[in-house]
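*Asks:* Fold the following, please.
(chains A, B, C and D)
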There are 4 protein chains.
Amino acid sequence: MADQLTVAVLGLGAMGAPIAQNLVAAGFAVAVWNRSPERAREIAGARPALTPADACADADIAITMLADDRAVEQVVFGGMGMLSSLRRGACHVGMSTISVALSRRLVAAHKAAGQGYVSAPVFGRPEAAKAKQLWIVVGGGDAAVECASPVFDAVGQGTFRMGDAPQASLAKLLGNFMIASTIEMLGETLATAEKAGMEPGRVLDMLTGTLFGAPVVKRYGQLIADTAFEPAGFRLSLGLKDVGLVLEAGEELRAPLPLAGLVRDRLLTALARDRAHLDWSGLASVIREEAGLPAVRGR
Amino acid sequence: MADQLTVAVLGLGAMGAPIAQNLVAAGFAVAVWNRSPERAREIAGARPALTPADACADADIAITMLADDRAVEQVVFGGMGMLSSLRRGACHVGMSTISVALSRRLVAAHKAAGQGYVSAPVFGRPEAAKAKQLWIVVGGGDAAVECASPVFDAVGQGTFRMGDAPQASLAKLLGNFMIASTIEMLGETLATAEKAGMEPGRVLDMLTGTLFGAPVVKRYGQLIADTAFEPAGFRLSLGLKDVGLVLEAGEELRAPLPLAGLVRDRLLTALARDRAHLDWSGLASVIREEAGLPAVRGR
Amino acid sequence: MADQLTVAVLGLGAMGAPIAQNLVAAGFAVAVWNRSPERAREIAGARPALTPADACADADIAITMLADDRAVEQVVFGGMGMLSSLRRGACHVGMSTISVALSRRLVAAHKAAGQGYVSAPVFGRPEAAKAKQLWIVVGGGDAAVECASPVFDAVGQGTFRMGDAPQASLAKLLGNFMIASTIEMLGETLATAEKAGMEPGRVLDMLTGTLFGAPVVKRYGQLIADTAFEPAGFRLSLGLKDVGLVLEAGEELRAPLPLAGLVRDRLLTALARDRAHLDWSGLASVIREEAGLPAVRGR
Amino acid sequence: MADQLTVAVLGLGAMGAPIAQNLVAAGFAVAVWNRSPERAREIAGARPALTPADACADADIAITMLADDRAVEQVVFGGMGMLSSLRRGACHVGMSTISVALSRRLVAAHKAAGQGYVSAPVFGRPEAAKAKQLWIVVGGGDAAVECASPVFDAVGQGTFRMGDAPQASLAKLLGNFMIASTIEMLGETLATAEKAGMEPGRVLDMLTGTLFGAPVVKRYGQLIADTAFEPAGFRLSLGLKDVGLVLEAGEELRAPLPLAGLVRDRLLTALARDRAHLDWSGLASVIREEAGLPAVRGR
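*Replies:* The predicted structure is shown next:
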């Protein structure tokens, strides 16, 4: 059945490229587009397109996996964009982490154009994308979700259905807020332990060996214990963007998130110290400095 | 070998009683003392003592499992207390969660009395204590830890050796800080999700099914999603005490812990609203109210 | 000289109306416009205009005194707006409290249109506007400021020259942040004093009688001590808007403002409890409730 | 009348010495004691005493002006201390800034000894003490306050009667909290302004020239604008002590003070960076660094 469907993938960064490749491998007819066009030619078995409109022209499903709201807006609403090229009845599957407000706007715009919109942001780093191990947070109307569902098996290990598209966008943002909060709590814990003369890695072992054995605690805990903030798995500046979107959503909902505010201030300080390129676990470098420790151990 | 050793257990609350019972079952000669003496008579196979000194008189190992610093101070330093009754060469195993400062004081006082002191606070609720599933955070000099080690197998599933006694006390306090922080982050996340019209339990499933599958997230997440803040597994007022001890330790170490400060303020508000008796997951009730939600769902 | 100049006033709310009236009294030829046109007919001696363009058509100086960024954008950039109607060489005097970003955009747009832009937000409540007692924070190029200066004497008691237009916008926003912070600190102080059984008004007298004798402490302190949060002098929802603009500016500048974040969360909670209509001193109602006191005394 | 009264002054630091000198000048018989005895010999016209008991032996009024709770406890409760030497009917006037808890304990102890206790902490720096320009916050029973009142005219410019002794202690602590909060808000404001390219001193002039013309804003604003954090008028480490006492009082009263928590964390970071010796306006150095500015301008 998969070979009957044509899928466009717009955005071929560290996440989009392996997703496109996995779709080819699963037997879909795949058209790909990227802002810098050379990346489009690297997806073996896919048709490189010169514009989003070209990629979407004969697509049943059009996936976006782009950096931020602005990039999605340009690809969808811009000239030669998706909105004017995708056929009626086809659906847009937004896999980027975007604002709740844009998610809402996309629902309305696609509806007006006779197209479907499914919010489908993912949990997982590039390695997970390659290994088809992404978790997909799915939101949208039943028809649109049904339209989109053939691609989910080809790129992820499972889906969580979370209501409508803006709700799924929010759910994903809240997940990122949870990661940032975990970095904050580990940062405070391990800096305090280090100041008391304990080995941070040993304290982390105690935590993960007892009550805190989640993947996110193990992974980020190790980065923080080792102060291994480079290279970035997820850049600090992108983390600030997402925490900002959480706060924006909270403001609209009238739900204060002081922990998000705390994390935001840490990230801002990291940027003020020219650390935008670090992994977002690097917010712990600011925590360390507030405790009088060097940003990175042993310096 | 165990039958050659005599162990005193001081403090027979929800944690101390099952620990004493497990020691009896493991073949130790056990003397027990509790401030309200009827509880001492309920430990089958143990010798009820009328004073801490009576319990410690012929003990090789004396365990304290008491509510707070003050209770430990009274039992150790008070008249008819442990310090003056425990024989030279015996050791005190402090399983309560106490301040770093008291831990330090106990090391010095027992050393001066020719006794050993081991800090051995535990992770685990009363059910874990019954099932010998406690995790024990162990700190102290090698001789004292060796003296204490026979009892650990009888009451827990494993130990984490964390340096000296004050360091182990701090490590345990930091673990409690991590739990409180987890409650805060889940509280903010689920309140925001609820305001956006999502089912908190469903968002929790997404989180624990992806990156956050730690026991502490599952347990507290469920309590918060259900706003099931009673009965208390660990009372909110005790949580405030421990977070206060973390902040105190941070102040001494000159390590700011703003997340601990945030949690402390939440707990204070809960107390100001007469919720000292709730489980400490009940700090989420304050988060809910700040978002304009009722403290408990459906009220 | 003043009678040689024609001034347009766009926005006739509680601040704009007395400003327009004072300009008439000072001898300027005044054209006025307001979204709801009946207010334009109430400014005696002024020419009511039907559109911003109509008001600006023969103006030497065009003043905006509007609610927020969006209102200014519509009046300036909209069809029948100021940008296309103000003559070359005339200047726009923006007296609203707007974002730094919009201030920057206005400079560029007016420059491209051969017009000047002066940022001139004010400190002072409606009574101060009536009494010509406003303080005006002025920013812009020298030529534009010179163009605008004739009106300042007619509406205020003095000016502070603060650099370029975006800087003056920021300076004004920071002033509002200072007011909000003062409300926060007084709120915490007086709630704590009340819980200790002291009379808040008496504590306030002590503070203003010693080190804190500033107008803003006296005024807001009295409102908080009396919990007199209605009627609003400056609405809580507008306060949230301005604190949001401060945080936005801080994010762009990479300057964290945690106190602004704290205030923002308070205001959000007030809104979540349906208090958007209160004076922004009403954020103290949230502080009171967090201390277990009723939002308003005696209830 | 004053010449009929004998006054003991315990503690001859930067505040106590000028107070003692002013009491001599006002005609009281003055006995003085200081931990380092050479300072006692420097108060012309006063009788140097070797112990607190010696100083208090024939005193009608005994004033303490000491560094912290511990110093007061030693002088009052220690061997050769005030409690056992002051005659029945005499009164202790505590002018130090101490904890609410110690204030409460002093009331009880002096009552039991047939003595009076008046809490009388002061606002004012050493220059104000020399010039008899202190503001005195007075709390205690009527009889004790009457006993103490003759000295107030000799050392200050006015008194604020604030209820009982613990209430007066709290009122003074809250005043210090207000100062610390003012430093925080000015620090955030001026750092943000500096990052936007404005001259901090100019922004300060705007603020103090409009709504914020209080002595405390002018004084601390200038120190922060000039980053003139040395020499210390009031040491940062003492500021941390007082903010800690405010938080402690708030905890007992169940009144959260998040702004005090924020300030406390700043001060802790300053200490972690070895700045205990700075004036407490130096907490702004930490704010500056979080915004990516150097701790002190021009470095």
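
*Asks:* Leaving aside the residues adjacent along the chain, what's closest to A:Leu5?
*Replies:* A:Asp60 (4.8 Å; C-beta to C-beta, 6 or more residues apart in numbering or on different chains). The way it works is simple: take the backbone N, C-alpha and C, and place the C-beta from them, glycine included.

*Asks:* my guess is that neighbour meets A:Thr6, correct?
*Replies:* Yes: with contacts counted by C-beta atoms under 8 Å, A:Asp60 reaches A:Thr6, the gap being 5.3 Å.

*Asks:* Based on its surroundings, how many neighbours for the residue nearest to A:Leu5?
*Replies:* Neighbour count of A:Asp60, defined by other C-beta atoms under 10 Å in any protein chain shown: 20.

*Asks:* A:Gly213 too?
*Replies:* A:Gly213 has 15 nearby residues by other C-beta under 10 Å.

*Asks:* Phi and psi next, for it.
*Replies:* Backbone torsions for A:Gly213, taken as degrees, to the nearest 10, come to phi -80, psi 40.

*Asks:* Now do the same contact list for the residue nearest to it when sequence neighbours are not counted.
*Replies:* Using C-beta to C-beta, 6+ apart and skipping the chain neighbours, the partner closest in space to A:Gly213 is B:Ala214 (5.2 Å). Counting by C-beta atoms under 8 Å, 6 or more residues apart in numbering or on different chains, B:Ala214 touches A:Leu211, A:Phe212, A:Gly213, A:Ala214, A:Val217.

*Asks:* Among these, which ones are in helices?
*Replies:* A:Val217 (DSSP state H).

*Asks:* Redo the contacts of B:Ala214 as JSON lines? Include pLDDT.
*Replies:* As requested, the contacts of B:Ala214 are exported to JSON lines (pLDDT from 0 to 100):
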{"residue": "A:Leu211", "pLDDT": "93"}
{"residue": "A:Phe212", "pLDDT": "96"}
{"residue": "A:Gly213", "pLDDT": "94"}
{"residue": "A:Ala214", "pLDDT": "93"}
{"residue": "A:Val217", "pLDDT": "97"}
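
*Asks:* thought A:Tyr220 was touching A:Thr182?
*Replies:* Yes: with contacts counted by C-beta under 8 Å, A:Tyr220 reaches A:Thr182, the gap being 6.0 Å.

*Asks:* Show the backbone phi and psi for A:Gly175.
*Replies:* According to degrees, to the nearest 10, A:Gly175 has phi -60, psi -40.

*Asks:* just the helices in chain A please.
*Replies:* Using DSSP H, helices in chain A cover A:16-25, A:52-56, A:69-77, A:100-112, A:126-130, A:142-155, A:165-195, A:200-209, A:215-225, A:236-253, A:258-272, A:283-290.

*Asks:* other SSEs contacting the second one?
*Replies:* If I follow you right, that is helix A:52-56. Applying 3 or more C-beta pairs under 8 Å, 6 or more residues apart in numbering or on different chains; DSSP states H and E, we find helix A:52-56 packed against strand A:6-10, strand A:29-33.

*Asks:* For the residue nearest to A:Leu5, give me its contacts.
*Replies:* Taking C-beta under 8 Å, 6+ apart as the test, what A:Asp60 contacts is A:Leu5, A:Thr6, A:Val7, A:Ala90, A:Cys91, A:Cys147.

*Asks:* Go ahead and confirm the fifth one touches A:Gly116.
*Replies:* Going back to what we said before, that points to A:Cys91. Yes: judged on C-beta under 8 Å, A:Cys91 makes contact with A:Gly116 at a distance of 3.5 Å.

*Asks:* Show residues contacting stretch A:133-146.
*Replies:* A:19, A:91, A:95, A:103, A:107, A:116-124, A:127-128, A:148, A:152, A:155-169, A:171-172, A:175, B:206, B:209-210.

*Asks:* Where does pLDDT dip in chain A?
*Replies:* The model of chain A has pLDDT under 70 over residues A:1-3.

*Asks:* Get me the contact residues on it for chain C.
*Replies:* Residues of chain A lying near chain C by C-beta under 8 Å from any C-beta of the partner chain: A:244, A:250-251, A:254-258, A:261-262, A:264-266, A:268-269, A:271-272.

*Asks:* can you list contacts of stretch A:222-235?
*Replies:* With C-beta under 8 Å, 6+ apart, stretch A:222-235 has contacts from A:125, A:183, A:186-187, A:190, A:200-201, A:203-204, A:275-282, A:284-285, A:288, A:295-297.

*Asks:* Name the residues of it that are buried.
*Replies:* Across stretch A:222-235, burial judged by 16 or more other C-beta atoms under 10 Å in any protein chain shown covers A:Gln222, A:Leu223, A:Ile224, A:Ala225, A:Thr227, A:Phe229, A:Ala232, A:Phe234, A:Arg235.

*Asks:* So what would you say the end-to-end distance of it is?
*Replies:* End-to-end distance of stretch A:222-235 (C-alpha to C-alpha, to the nearest Å): 17 Å.

*Asks:* circling back to that earlier point, buried ones from the contacts of stretch A:222-235, can you make that a PyMOL selection?
*Replies:* In PyMOL, this line selects whichever of these come out buried by 16+ other C-beta under 10 Å:
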select buried, chain A and resi 183+186+187+190+200+203+204+275+276+278+279+280+281+282+284+285+288+295
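
*Asks:* So which residues on the stretch 51-200 of chain A come close to chain B?
*Replies:* A:100, A:123, A:135, A:137, A:158, A:160, A:162-163, A:166-167, A:170-171, A:174-175, A:177-179, A:181-182, A:184-186, A:188-189, A:191-193, A:195-198.

*Asks:* Restricted to buried residues, select those in ChimeraX.
*Replies:* In ChimeraX, this line selects whichever of these come out buried by 16+ other C-beta under 10 Å:
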select /A:100,123,135,137,160,162,163,166,167,170,171,174,175,177,178,179,181,182,184,185,186,188,189,191,192,193,195,196,198
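
*Asks:* And the residue of the stretch 101-250 of chain A that's closest to chain D?
*Replies:* A:Lys195 (8.3 Å; C-beta to the nearest C-beta).

*Asks:* so how far is D:Gly78 from that residue?
*Replies:* Distance, A:Lys195 to D:Gly78, using C-beta to C-beta, to the nearest Å: 34 Å.

*Asks:* on that earlier part again, make a markdown table from the contacts of B:Ala214 and add distance to D:Ala55 to it.
*Replies:* Below are these laid out as a markdown table (distance: C-beta to C-beta, whole Å):
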| residue | distance to D:Ala55 |
| --- | --- |
| A:Leu211 | 57 |
| A:Phe212 | 58 |
| A:Gly213 | 63 |
| A:Ala214 | 63 |
| A:Val217 | 60 |
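
*Asks:* With respect to chain C, which of the contacts of B:Ala214 is nearest?
*Replies:* When the contacts of B:Ala214 are compared against chain C (criterion: C-beta to the nearest C-beta), the nearest one is A:Val217, at 25.7 Å.

*Asks:* Count the neighbours of the closest residue to that closest one other than its chain neighbours for me.
*Replies:* Nearest non-adjacent residue to A:Val217, counting by C-beta to C-beta, 6+ apart: A:Thr208, 5.7 Å away. Neighbour count for A:Thr208, taken as other C-beta under 10 Å: 17.

*Asks:* give the contact list for the closest residue to A:Lys218 other than its chain neighbours.
*Replies:* Distance criterion C-beta to C-beta, 6+ apart; nearest residue to A:Lys218, sequence neighbours excluded, is A:Thr208 at 5.2 Å. By C-beta under 8 Å, 6+ apart, the contact list for A:Thr208 reads A:Val217, A:Lys218, A:Gly221.
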